[in-house]
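Participant: have a look at this prediction, sequence included:
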Amino acid sequence: MSRFLRMAAPRSVAVIDQPSVPLEAGQARVRTIYSGISAGTELTAYRGTNPYLTSIWDPDARLFQPGQEALGYPLDGWGYSEVGEVEELAPQAGQAVDTVDADPPVQVGDMVWGIWGHRDEGVLAAESLRGHVLPEGMDPLAGAFVRVGAIALSAVLAADLGPGSTVAIFGQGVIGLLATRFAVLNGAKVIAVDGIQARRRRALEWGALHALGPAPELAGDIRRITGGAGVDVAIELSGNYRALHEATRAVGADGTVIAAGFYQGEAAGVRFGEEFHHNRVQLLASQIGSVPNRLRSRWTVPRLQQTVVDHLADGRVNAPALVTHTFSLANSAKAYELLDTDPESALQVVLEFP
């Protein structure tokens, strides 16, 4: 038997038993060790605000089509930050021989990261795990941060930061803190913004020069810190529209705002007739489905993810330090409730599998 997490309805989580299925040719069975819960995308599904619940994404037209066979509850196996050990492989008949430069195929016993949802075992194409083997000696818990780390790194790359750059990073949850760390490693001067004091402290520990809370005078404080210029770029990762508006106020003339949060519903609190208009602010979206436009000739999502793995493996980014709570799959309902109701005490919540 195996088990998986089901969101039966808004704010209703259950654990479902199902028989283990035999592998088909070319598949791998992975025993889950850790599965990180996203406090952004997953909570929108938990709360019932995710756009996939009311619309269907048309990948050809690249449009959401309202009301056309949208996803509905129950939602099974959500989660995108899994780590596990390859337990079983079913060879693919006539499998091509690997080239010298290609990542080798996975082997039984390999520790891998990937996306198979909150379940105690994942059955997926072995080929999809190529390039997902964690380096020997790397803490498996760190592997649960590859995907969220890639989201953070992509936003930092979109911001085009370097030595001497100034950046305000709005939202110091897990992805915001990872972005702060990557920005610091890129040589930027970081001003972290978050409403939770513990997160502001963590941002300072991770290299931010200043950590500010939301306040009416926030943009003025950022102007004073930057000698009146405002920051070169702001990265918004909280998914809060008012924070997005403050980001447009934080940058100087001809500055750039990277909108990387997962925004819900209609915008409220964004006033594009003010600083956004008068300072000619450029607004760019950053999303993990691709890399920034200017880098696409050389960067790919796999390269982005491998860069994160390298930083996690050598300790430049100590992501396991962000874990505040671990729960068993059986207690996953408590994990979601904690993230939903007590964000001040919870940062990264992880499901741990015995």
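Facilitator: Nice, I can see it.
Participant: contacts and neighbour counts: CA atoms only from here.
Facilitator: OK.
Participant: burial count for the closest residue to residue 290 other than its chain neighbours?
Facilitator: Distances taken as Cα to Cα, 6 or more residues apart in numbering place residue 301 nearest to residue 290, at 6.0 Å, with adjacent residues excluded. As a burial measure, residue 301 scores 16 neighbours (other Cα atoms under 10 Å).
Participant: quick one: the helix or strand of the chain with the lowest mean pLDDT to chain centroid distance?
Facilitator: Every helix and strand in the chain was compared by mean pLDDT, DSSP states H and E; the lowest is strand 63-66, with a mean of 88. Mean-position distance between strand 63-66 and its chain equals 23 Å (Cα atoms, centre = their mean, to the nearest Å).
Participant: can I get it as CSV, trimmed to CA atoms?
Facilitator: This file holds the C-alpha atoms of strand 63-66, laid out as CSV (Å, rounded to 0.1, in the frame of the first residue of the first chain):
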residue,chain,number,x,y,z
LEU,A,63,-4.6,31.9,-22.0
PHE,A,64,-6.8,31.0,-19.0
GLN,A,65,-10.2,30.1,-20.3
PRO,A,66,-12.8,30.8,-17.5
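Participant: can you list the strands that that strand pairs with?
Facilitator: strand 55-58 (antiparallel) (DSSP bridges).
Participant: quick one: buried residues of the strand it pairs with?
Facilitator: For strand 55-58, burial by neighbour count (16 or more other Cα atoms under 10 Å) applies to 55-57.
Participant: okay if I get those residues as CSV plus distance to residue 65?
Facilitator: Output for these, formatted as CSV (distance: Cα to Cα, whole Å):
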residue, distance to residue 65
55, 5
56, 5
57, 6
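Participant: buried ones in the least confident helix or strand of the chain?
Facilitator: residue 64.
Participant: who touches it?
Facilitator: With Cα atoms under 8 Å, 6 or more residues apart in numbering as the test, strand 63-66 has contacts from 54-58.
Participant: nearest to residue 81, of those residues?
Facilitator: residue 57 (22.0 Å; Cα to Cα).
Participant: residue contacts, the closest one?
Facilitator: Taking Cα under 8 Å, 6+ apart, we find residue 57 in contact with 63-65.
Participant: report the beta-bridge partners for it.
Facilitator: Beta-bridge partners of residue 57, counted by DSSP bridges, are residue 64.
Participant: quick one: pLDDT of it?
Facilitator: With respect to pLDDT, residue 57 has a value of 90.
Participant: and it, how far from residue 342?
Facilitator: Separation of residue 57 from residue 342 (Cα to Cα, to the nearest Å): 31 Å.
Participant: low-confidence ranges, the chain, go.
Facilitator: Counting by pLDDT under 70, the chain shows low-confidence ranges at 68-69, 94-102.
Participant: which residue sits closest to the residue sitting nearest the centre point of it, ignoring its sequence neighbours?
Facilitator: Nearest residue to the geometric centre of the chain (Cα atoms, centre = their mean): residue 148, 2.7 Å. Nearest residue to residue 148, sequence neighbours excluded (Cα to Cα, 6+ apart): residue 175, at 6.0 Å.
Participant: which is the next helix or strand following the stretch of helix or strand that neighbour belongs to?
Facilitator: Element membership for residue 175 (DSSP states H and E) is helix 174-185. Following helix 174-185 in sequence order, the next helix or strand is strand 189-193 (DSSP H and E).
Participant: that next one vs helix 174-185, what angle?
Facilitator: Counting by axes from the mean of the first three to the mean of the last three Cα atoms, to 10 degrees, strand 189-193 lies at 160 degrees to helix 174-185.
Participant: and strand 189-193, what does it pack against?
Facilitator: Judged by 3 or more Cα pairs under 8 Å, 6 or more residues apart in numbering; DSSP states H and E, strand 189-193 is in contact with strand 166-170, helix 174-185, helix 197-205, strand 210-212.
Participant: circling back to that earlier point, residue 233: which of the contacts of strand 63-66 is nearest?
Facilitator: Of all the contacts of strand 63-66, residue 57 has the smallest distance to residue 233: 30.3 Å, by Cα to Cα.
Participant: any idea how far the closest one is from residue 148?
Facilitator: 22 Å.
Participant: and for residue 125?
Facilitator: Counting by Cα to Cα - residue 125 and residue 148 are separated by 22 Å.
Participant: check contacts around residue 175.
Facilitator: 148-149, 151-152, 237.
Participant: swap in residue 127?
Facilitator: 26-27, 105-106.
Participant: buried subset of those residues as a ChimeraX selection?
Facilitator: Filtering those down to the buried ones (16+ other Cα under 10 Å) takes a single ChimeraX command:
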select :27,106
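Participant: pipe the contacts of residue 127 into a markdown table and attach distance to residue 346 and secondary structure per row.
Facilitator: As requested, these are arranged in a markdown table below (distance: Cα to Cα, whole Å; DSSP: H, G, I helix; E, B strand; the rest coil):
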| residue | distance to residue 346 | secondary structure |
| --- | --- | --- |
| 26 | 39 | coil |
| 27 | 36 | strand |
| 105 | 37 | coil |
| 106 | 34 | coil |
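Participant: out of the contacts of residue 127, the closest to residue 84 would be?
Facilitator: residue 106 (12.3 Å).
Participant: isn't that closest one right up against residue 128?
Facilitator: No: between residue 106 and residue 128 there is no contact under Cα atoms under 8 Å: 9.5 Å.
Participant: this completes my enquiry, with thanks.
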